[in-house]
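In: sequence first, predicted model second:
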Amino acid sequence: MQRKVARSEAEVKRLERDVQRRESDSKRAGERLQEQDKTIAELQKQLQELQSGQSGGQH
């Protein structure tokens, strides 16, 4: 009986570590997405500024 308990405890600890690792990975992925969103917004702004400058210069 004690062996089963020990095995179950070891399994629970392993699963807890796995969950923590996945949460950490998920957090890092979320941070990367936020960084990419910021970069995309900056690039879109630059593109709009360039397009405004081109249309203004053609008139």
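Out: Here it is on my side, so go on. Computed from a predicted structure; not experimentally measured. Residues are numbered from 1 along each chain as shown.
In: run through this structure and note the low-pLDDT ranges.
Out: Counting by pLDDT under 70, the chain shows low-confidence ranges at 56-59.
In: 90 instead, please
Out: Scanning the chain for pLDDT under 90 picks out the ranges 1-2, 53-59.
In: mind checking how far Thr39 is from Ser24?
Out: From Thr39 across to Ser24, the span is 23 Å (Cβ to Cβ, to the nearest Å). (Each C-beta comes from the backbone N, C-alpha and C, glycine too.)
In: all helices for the protein, in order.
Out: With helices called from DSSP state H, the chain shows them at 2-58.
In: measure Val19 to Val12 for me?
Out: Plainly put, Val19 is 10 Å away from Val12 if you go by Cβ to Cβ.
In: same thing with Arg28?
Out: Relative to Val12, Arg28 is positioned 25 Å away (Cβ to Cβ).
In: what is the neighbour count of Ala6?
Out: 10 (other Cβ atoms under 10 Å).
In: same question, the one 3 residues further on
Out: Neighbours of Glu9 under the rule other Cβ under 10 Å: 10.
In: same check, this time on Glu11
Out: Neighbour count for Glu11, taken as other Cβ under 10 Å: 10.
In: give the contact list for it.
Out: Listed by Cβ atoms under 8 Å, 6 or more residues apart in numbering, Glu11 has no contact partners.
In: do you know how far it is from Asp18?
Out: From Glu11 to Asp18 the distance is 10 Å (Cβ to Cβ).
In: can you check Gln36 too?
Out: Applying Cβ to Cβ to Gln36 and Asp18 gives a distance of 27 Å.
In: figure out how far stretch 11-26 is from the centre of its chain.
Out: Offset of stretch 11-26 from its chain centre (Cα atoms, centre = their mean, to the nearest Å): 17 Å.
In: look up how far Lys45 lies from Leu15.
Out: Distance of Leu15 to Lys45, given as Cβ to Cβ: 45 Å.
In: swap in Ala29?
Out: Taking Cβ to Cβ, one finds Ala29 at 25 Å from Lys45.
In: then Arg3?
Out: Distance of Arg3 to Lys45, computed by Cβ to Cβ: 63 Å.
In: more crowded one of these two?
Out: Lys45 (10 against 7).
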